[in-house]
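# Return atomic coordinates for the entry below.
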Amino acid sequence: MAAEAVLGRSSMSSASFGSKWRAPQSHKFEVSRCTVRACSSVDGRSKVYRELGLFSLKKKIEDAVQRTEMMAPTALQIEEARWIKQDGLIRDYDLWDDPAKSNDALVKLADIARAVDSLRDLTYKAEEAKLITQLAEMDAINYALFEQAYTASLDMSKFLDQYEMLKLLKGPYDGDGASMVIKAESNGNDHELWAEKLLRMYQKWAEKQGYKGRIVEKRLAKNGGITSATVEFEFDYAYGYLQGERGLHRMIRSSKTGSTVDEVSLAAVDIIPLSRGSAPDLQINEEDLLILCPSSSPEVEVSEGRSGVVIQHVPTGFVIQSSGERSIFANKMKALNRLKARLLVTASDIGVQGIDGIKKEDVFDLWQDEARRYVLYPRKHVKDVRSGIEMPDLYSVLDGNIEPLIGAHIHMRHSNDMAR
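Numbering: from 1, shown residues only. As a prediction, this is how the structure comes out:
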């Protein structure tokens, strides 16, 4: 399932996670006369060569090419076989019998076809990189050519990383979009400012994938920051990617007053599957629901002038709200669909057949399950509590570069599933 859609837009593709597979764009490699001899000045060299050095650069290109040559042919054979099988199923199926099922089958076929095209293009890109490297060496080390080959190698590596991760996303809701709810701890403006930084981090991450997180609700704090926000990521596999972000996010920094006790800012992140098709198929007893329509608040930025709805599921204690739609009815339906998705995921996570088997003590407490630590002092770094991975550049992570953290969670979940 996950192999049907190789990644949203990357630097080499403007495809969506599932329905907009597109082959990596070919780079136009041109031989430019910028040969650098032993006595030449290094002032004109780009930053990447100063940092990596020629030997390291060549090694990275060779590794990317070798990895592509090892993986792409096998992956291509698998996708071509899947295309033949899916095409045969469609030919034997009367598309008019079930229009909804027919549409899903056609979308799946198109996804596989785009995967095939992309993998073929990846093979050509590897050959291009090898050729460019040889040309650069023949031209007494042409750094402009090495730059183009290195850019191609980065594209190849990123593509294969994303392809491998998506193949691991096989959960029942992994292919859905995602609704993210960020809430600040309630006792201080530092928490509210921290929640706003997290919101920006996830928005930047989405932008780097070629998408935008749609803010449907945002409650502003009086002194800056936010008390809460809801963002919808309406692209395939967003839930599979982001579900590892669920939990408590802790920012640690030194005390402003000189105290030896560190200052801590807290915000909780919840992730709910977002179905972009039909509503979740689940019937909830109306007697189990407590529905409130609080008056709109002037602190609600996106939902200003709209009537919000809060729904509590009494047996589990889940509380879901919506204020981003234009009417009470629309907000009620939005909140109800989020509640259904949360109940279905919870039942799946704890291994019960239906929502009646969910007990309050089984419910995941966001504030009690730490997901990540962001440390400002004494050494700026980010530590993922669950996977154990640590990233040394705090500001890079806050700028949306969270792919290694996301990848670590996906591999960890896959390993746990295999061990069961």
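# quick one, helices of the stretch 301-420 of the chain?
328-350, 394-398, 403-419 (DSSP state H, counting those that start in this stretch).
# what residue ranges in the stretch 1-150 of the chain score low on pLDDT?
Applying pLDDT under 70 to the stretch 1-150 of the chain flags residues 1-53, 95-96, 98-100, 139-142.
# Try it again at 80.
Where the stretch 1-150 of the chain drops to pLDDT under 80, the residues are 1-58, 91-105, 107-108, 111, 133-147.
# What residues does the nearest residue to residue 238 once chain neighbours are set aside make contact with?
Nearest non-adjacent residue to residue 238, counting by CB to CB, 6 or more residues apart in numbering: residue 178, 4.0 Å away. Yep, even glycine has a C-beta here, placed from its N, CA and C like the rest. Residue 178 is in contact with 232, 233, 238, 239, 241, 242, 243, 271, 272, 273, 274, counting by CB atoms under 8 Å, 6 or more residues apart in numbering.
# Which strand or helix spans the fourth one?
In other words, residue 239. Assigned by DSSP states H and E, residue 239 belongs to helix 238-242.
# Which of the residues in that helix are classified as buried?
238, 239, 240, 241, 242 (16 or more other CB atoms under 10 Å).
# Just the pLDDT at residue 298, thanks.
As predicted, residue 298 sits at a pLDDT of 43.
# mind starting the numbering at 53 from now?
Sure, I'll start numbering at 53, so the last one becomes residue 350.
# before we move on, back to that, so which of the helices of the stretch 353-472 of the chain is the most surrounded?
Most buried of these, by mean neighbour count (mean count of other CB atoms under 10 Å): helix 380-402, with a mean of 19.
# CA atoms of that one as PDB?
Provided in PDB are the C-alpha atoms of helix 380-402 (Å, rounded to 0.1, in the frame of the first residue of the first chain):
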ATOM      1  CA  ILE A 380     -22.800  25.000  14.200                       C
ATOM      2  CA  PHE A 381     -23.900  22.000  12.100                       C
ATOM      3  CA  ALA A 382     -20.700  21.900  10.100                       C
ATOM      4  CA  ASN A 383     -18.600  22.200  13.300                       C
ATOM      5  CA  LYS A 384     -20.600  19.500  14.900                       C
ATOM      6  CA  MET A 385     -20.000  17.100  12.000                       C
ATOM      7  CA  LYS A 386     -16.300  18.000  11.900                       C
ATOM      8  CA  ALA A 387     -15.900  17.400  15.700                       C
ATOM      9  CA  LEU A 388     -17.900  14.100  15.400                       C
ATOM     10  CA  ASN A 389     -15.800  12.800  12.600                       C
ATOM     11  CA  ARG A 390     -12.600  13.600  14.600                       C
ATOM     12  CA  LEU A 391     -14.100  11.800  17.600                       C
ATOM     13  CA  LYS A 392     -14.900   8.800  15.500                       C
ATOM     14  CA  ALA A 393     -11.400   8.700  14.100                       C
ATOM     15  CA  ARG A 394      -9.900   9.000  17.600                       C
ATOM     16  CA  LEU A 395     -12.000   6.200  18.900                       C
ATOM     17  CA  LEU A 396     -11.200   3.900  16.000                       C
ATOM     18  CA  VAL A 397      -7.500   4.500  16.300                       C
ATOM     19  CA  THR A 398      -7.600   4.000  20.100                       C
ATOM     20  CA  ALA A 399      -9.500   0.700  19.700                       C
ATOM     21  CA  SER A 400      -6.900  -0.400  17.100                       C
ATOM     22  CA  ASP A 401      -3.900   0.600  19.300                       C
ATOM     23  CA  ILE A 402      -5.100  -1.200  22.400                       C
END
